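>>> need a structure here:
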Amino acid sequence: MIKSKLLYLTCFILSLAPSIVLAQYTNPDTSFVQQSVSNTIALYRNTVGTEAHLYTGPEYYVPFKSYVEGHQYFQVKTFEKGNVFYDGAWFYEVPMLYDIAVDEVVTIHPGSGLSQKLVKQKVGLFELSNHTFVYLSGESVGGFSMQPGFYKLIYNGDIKAFVRHEKYLQERTSTNGLEGHYKAKDKFYLQKNGVYYQVSNKASVLKVLSDKKKELKEFSRSNKIRFRNKREEAIKNIAKHYDSLKR
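Numbering: from 1, shown residues only. Here you go, the predicted model:
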């Protein structure tokens with residue numbers, strides 16, 4: 001992207017060259033052309049500077065282990081275009097990966113082509129594969145602290161619901177040599193009145209939303225909401241219905 005802009009702006013500047021040469025003979029006042037060139041160069045520097053601001057993190061590298069089944073990424077292990085709010089500015093259609101195992105957002109440096117981490121603390125939120133992730137710095141939850149990092153926002157109303165996706169590499173030695181696979185784990189949170197609560201089942205959700213417990217139990221029963229296999233969907237639907245009851 002940066003290279004293409006450089007090429008375009010260079011060609012634009014070169015297109016002014018005949019006018020500059022002619023002006024030396026026909027018009028001693030070349031201030032207009034000089035100003036145009038200066039403005040073009042300034043525009044390029046500003047554009048490159050804005051984009052380069054995204055690529056200040058360290059290089060990302062994961063050693064290849066042929067014996068490991070699965071991968072450590074969110075949904076897919078290939079780069080997909082997404083949007084990121086980074087250090088107070090939006091960047092759109094950025095190639096990204098989300099490495100759940102190390103909780104890092106990865107992009108590709110446009111100059112070197114190398115994989116590079118985004119500075120985690122500068123990522124306000126990012127959008128990838130129609131999902132939104134926000135960075136939480138570590139909030140108090142029932143006397144404990146949430147781990148700082150990225151949380152998927154699954155419902156955004158007066159009540160907010162989040163999922164913390166985690167993956168762990170489990171390795172062992174067998175008669176065939178080393179074996180390994182990634183084990184996934186999800187943790188769920190509700191935010192109510194600015195306070196975060198970890199929830200895991202219907203009882204814990206209803207405890208947080210106890211002022212509408214009776215109505216929510218009836219809603220869950222009539223809509224056959226099940227937590228065992230679809231916790232994310234269940235928590236999202238109950239949070240959404242709770243908000244509708246409060247209006």
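
>>> can you map out the strands along the chain?
68-69, 80-86, 89-99, 104-108, 115-117, 123-128, 131-136, 140-141, 144-145, 149-156, 160-174, 177-192, 195-199 (DSSP state E).

>>> Let me know which of these is tucked in deepest.
strand 104-108 (a mean of 21; mean count of other C-beta atoms under 10 Å). No exception for glycine: its C-beta is placed from N, CA and C like everyone else's.

>>> Give me the distance between that strand and the centre of its chain.
9 Å (C-alpha atoms, centre = their mean, to the nearest Å).

>>> same thing with stretch 157-169?
13 Å.

>>> Then stretch 172-189?
Relative to the centre of its chain, stretch 172-189 is centred 25 Å away, using C-alpha atoms, centre = their mean.

>>> List the contacts of that stretch.
Outside of stretch 172-189, the residues within contact range by C-beta atoms under 8 Å, 6 or more residues apart in numbering are 65, 67-72, 100-101, 141, 146, 151, 161-171, 196-200, 231-232, 235.

>>> and with 7 Å instead?
Stretch 172-189 is contacted by residues 65, 67-72, 101, 151, 162-171, 196-200, 231, 235 when judged by C-beta atoms under 7 Å, 6 or more residues apart in numbering.

>>> Kindly report the same for stretch 126-143.
By C-beta under 7 Å, 6+ apart, stretch 126-143 touches 74-75, 80, 82-84, 96, 98, 105, 120, 123-125, 145-148, 150-153, 196-198.

>>> re earlier: quick one: which of the strands of the chain has the weakest pLDDT on average?
Least confidently modelled of the strands of the chain is strand 140-141, at a mean of 58 by mean pLDDT.

>>> re the thing from before, of all the strands of the chain, which one is nearest residue 211?
strand 177-192 (9.8 Å; C-beta to C-beta).

>>> domains in the chain, as residue ranges please.
2-52, 200-247 (automatic domain parsing).

>>> ok, of those, where does mean pLDDT dip lowest?
domain 2-52 (a mean of 46).

>>> Surely residue 235 touches residue 205?
Yes: if you go by C-beta atoms under 7 Å, residue 235 and residue 205 touch, sitting 6.1 Å apart.

>>> Next, show the common contact partners of those two.
Going by C-beta under 7 Å, 6+ apart, residues that sit against residue 235 and also against residue 205 are residue 199.

>>> For residue 132, see how far away the residue most central in space within the chain is.
The centroid of the chain falls nearest to residue 126 when counting by C-alpha atoms, centre = their mean (2.8 Å). Distance from residue 126 to residue 132, counting by C-beta to C-beta, to the nearest Å: 8 Å.

>>> ok, now residue 121?
18 Å.

>>> For residue 69, give me its contacts.
Here residue 69 is in contact with 180, 181 (criterion: C-beta under 7 Å, 6+ apart).

>>> Residues in a beta bridge with it, which ones?
Taking DSSP bridges as the rule, residue 69 bridges to residue 181.

>>> just residue 90 next, same as before
residue 85.

>>> For the residue nearest to the centre of the chain, which non-adjacent residue is closest in space?
residue 84 (4.1 Å; C-beta to C-beta, 6 or more residues apart in numbering).

>>> Pretty sure the one you found sits against residue 93.
No: the pair residue 84 / residue 93 is not scored as a contact, 10.1 Å apart, by C-beta under 7 Å.

>>> neighbours of residue 52, just the number please.
14 (other C-beta atoms under 10 Å).

>>> Just the CA atoms of stretch 55-69, as PDB, please.
C-alpha atoms of stretch 55-69 as PDB (Å, rounded to 0.1, in the frame of the first residue of the first chain):
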ATOM      1  CA  TYR A  55       3.800  -1.200  12.300                       C
ATOM      2  CA  THR A  56       5.800  -0.400  15.400                       C
ATOM      3  CA  GLY A  57       5.400  -3.700  17.200                       C
ATOM      4  CA  PRO A  58       8.000  -6.600  17.300                       C
ATOM      5  CA  GLU A  59       8.300  -9.300  14.700                       C
ATOM      6  CA  TYR A  60       5.900 -12.300  15.200                       C
ATOM      7  CA  TYR A  61       7.400 -15.800  14.800                       C
ATOM      8  CA  VAL A  62       6.000 -19.200  15.700                       C
ATOM      9  CA  PRO A  63       8.300 -22.200  15.300                       C
ATOM     10  CA  PHE A  64       6.700 -24.900  13.100                       C
ATOM     11  CA  LYS A  65       5.900 -28.200  14.900                       C
ATOM     12  CA  SER A  66       4.700 -30.800  12.400                       C
ATOM     13  CA  TYR A  67       3.300 -33.100  15.100                       C
ATOM     14  CA  VAL A  68       0.800 -30.600  16.400                       C
ATOM     15  CA  GLU A  69      -2.800 -30.900  15.400                       C
END
